[in-house]
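*Asks:* below are the sequence and a predicted model; questions follow.
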Amino acid sequence: MAEPISSPPQNRRLAGTPRVIVTRHLMPTIEARMGELFDTQLNTADQIMSRDELVAAMNECDVFVPTVTDRIDAAMIAEASDRLGLIASFGAGTDHIDLKAARDRNIMVTNTPGVFTDDTADLTMALIIGVPRRIREGVSLIRRGEWTGWAPSGMLGRRLGGKVLGIVGMGRIGQAVAHRAKAFGLEIVYHNRKRLPEALERMLGATYVEDIDTLLSASDIVTLHCPYTEATHEMINERTLGLMKVGSALINTARGDLVDQEALLAAIYDGHLVGAGLDVYPEEPKVDPRLLSHPNIMTLPHIGSATAEGREASGEKVIANIRFWADGHRPPDQVLDALV
């Protein structure tokens with residue numbers, strides 16, 4: 001449960017232009033703007049930085065701009081210089097940063113929430129449609145040159161309308177998925193730490209389920225939209241997969257570590273689940289070959305937020321957060337609490 005931590009890091013007005021180090025290649029317009037506003041070190045080659053390189057960067061800047069794939073743990077933060085005052089993360093998630101360690105060092109943390117909501121929800125819907133309709137299998141059949149033509153019993157999938165979609169995590173993205181799914185005639189149930197207001201439930205056509213076990217057993221398709229924490233680590237495992245209906249499907253565009261991958265593979269290969277739609281994996285960029293070889297596991301390269309518009313908007317939020325901080329004001333996207 002998220003609990004506010006008292007005495008959040010206080011901002012300090014910076015004398016002069018802030019030194020900013022960015023860990024990955026961003027949109028060209030964003031990099032150009034950052035170069036105009038700050039003393040900026042970019043990573044235009046987009047080479048993934050090692051742990052030592054990340055620590056070295058944190059010792060050479062006032063503002064550090066990592067992305068959600070840069071893991072910034074307590075030991076790394078302990079090694080950072082006192083000069084570092086702001087970690088302005090590019091992306092909505094914050095589970096890659098030890099927030100408590102940053103707070104203890106009086107290092108402010110910001111993120112870029114909200115800008116990828118529609119993009120991720122759109123991609124989630126593509127997977128929700130694609131798995132029951134066997135899209136990957138159909139594409140492969142055509143590309144192998146093995147399609148023999150239309151047949152009344154050929155490539156039969158499952159209709160979406162009237163099926164139950166279980167949404168685990170009903171934040172911005174979960175709600176956006178519910179809004180889209182309603183238009184496809186899906187019956188929506190959801191589980192969340194906090195129930196939504198009744199008016200919002202009615203608008204989304206969503207029914208609250210108090211425990212995840214009940215949601216799993218009731219759903220034809222389950223989609224994950226909760227943050228990764230110790231409590232949600234491998235929440236989808238052998239036991240919980242066993243609760244899902246025979247012939248149901250799992251969709252994950254949230255975090256790879258929410259799912260026990262071995263248990264998921266077993267459930268699909270033994271026929272308990274019809275398939276899965278995955279955009280995230282436990283050990284990215286590694287993807288288990290068994291996921292690739294199954295005809296009805298749709299695998300995507302973590303592209304839920306990959307739109308030019310979204311990445312541009314996220315970069316603009318990073319710039320705004322840095323400017324507010326450098327001027328001695330509270331940034332609009334300061335992360336104020338941590339899971340402790």
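*Replies:* Cool, the structure landed.
*Asks:* strands of the stretch 1-150 of the chain, start to end?
*Replies:* According to DSSP state E, counting those that start in this stretch, the stretch 1-150 of the chain carries its strands in the segments 3-4, 19-22, 39-41, 63-65, 86-88, 108-110.
*Asks:* mind listing residues that contact the last one?
*Replies:* The reference is to strand 108-110. The contact list for strand 108-110 (Cβ atoms under 8 Å, 6 or more residues apart in numbering) reads 8-9, 11, 85-89, 94, 97, 99, 102-103, 318, 321, 325, 331, 333-335. Just so you know, the C-beta spots here come from the backbone N, C-alpha and C atoms, and that holds for glycine as well.
*Asks:* packed most tightly, which of the strands of the stretch 1-150 of the chain would that be?
*Replies:* Among these, the stretch with the highest mean neighbour count (mean count of other Cβ atoms under 10 Å) is strand 63-65, at a mean of 28.
*Asks:* and that one, what does it pack against?
*Replies:* In this structure, strand 63-65 packs against strand 19-22, strand 86-88, helix 308-326, with contacts taken as 3 or more Cβ pairs under 8 Å, 6 or more residues apart in numbering; DSSP states H and E.
*Asks:* any idea which of the ones you listed gets closest to residue 107?
*Replies:* The closest approach between residue 107 and any of those, judged by Cβ to Cβ, belongs to strand 86-88 at 6.0 Å.
*Asks:* pLDDT weak spots in the stretch 201-340 of the chain?
*Replies:* Scanning the stretch 201-340 of the chain with the threshold set as pLDDT under 70 gives 337-340.
*Asks:* residues contacting the residue nearest to residue 165 when sequence neighbours are not counted?
*Replies:* Spatially, and ignoring its direct neighbours in sequence, residue 165 is nearest to residue 186 (4.3 Å; Cβ to Cβ, 6 or more residues apart in numbering). With contacts taken as Cβ under 8 Å, 6+ apart, residue 186 has the following neighbours: 128, 160, 161, 162, 163, 164, 165, 221.
*Asks:* from residue 167, how far out is the most centrally placed residue in the chain?
*Replies:* The centre of the chain sits closest to residue 254, judged by Cα atoms, centre = their mean, with a distance of 3.8 Å. Per Cβ to Cβ, to the nearest Å, residue 254 is found 11 Å from residue 167.
*Asks:* now do the shared contacts for those two.
*Replies:* Overlap between the contact sets of residue 254 and residue 167, as judged by Cβ under 8 Å, 6+ apart, is given by residue 225.
*Asks:* just the C-alphas of the host helix or strand of residue 239, formatted as CSV.
*Replies:* In this structure, residue 239 sits in helix 238-243 according to DSSP states H and E. What follows is helix 238-243 as a C-alpha-only set of coordinates in CSV (Å, rounded to 0.1, in the frame of the first residue of the first chain):
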residue,chain,number,x,y,z
GLU,A,238,0.8,-21.3,-11.4
ARG,A,239,-2.0,-21.0,-8.8
THR,A,240,-3.7,-17.9,-10.3
LEU,A,241,-3.4,-19.2,-13.8
GLY,A,242,-5.1,-22.3,-12.7
LEU,A,243,-8.1,-20.2,-11.7
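*Asks:* I'd like the next helix or strand past it.
*Replies:* From helix 238-243 onward toward the C-terminus, using DSSP H and E, the following helix or strand is strand 248-252.
*Asks:* show me this protein divided up by domain.
*Replies:* 3-114+307-338, 117-299 (automatic domain parsing).
*Asks:* what segments of the stretch 151-300 of the chain are strands?
*Replies:* Read by DSSP E, counting those that start in this stretch, the stretch 151-300 of the chain holds these strands, from start to end of the chain: 164-168, 187-191, 206-208, 221-224, 248-252, 273-278, 297-299.
*Asks:* is it possible to get JSON lines of these that adds distance to residue 291 and mean neighbour count?
*Replies:* Below are the strands of the stretch 151-300 of the chain laid out as JSON lines (distance: least, Cβ to Cβ, whole Å; neighbours: other Cβ atoms under 10 Å):
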{"stretch": "strand 164-168", "distance to residue 291": "20", "mean neighbour count": "24"}
{"stretch": "strand 187-191", "distance to residue 291": "25", "mean neighbour count": "21"}
{"stretch": "strand 206-208", "distance to residue 291": "30", "mean neighbour count": "17"}
{"stretch": "strand 221-224", "distance to residue 291": "16", "mean neighbour count": "27"}
{"stretch": "strand 248-252", "distance to residue 291": "11", "mean neighbour count": "26"}
{"stretch": "strand 273-278", "distance to residue 291": "7", "mean neighbour count": "24"}
{"stretch": "strand 297-299", "distance to residue 291": "5", "mean neighbour count": "21"}
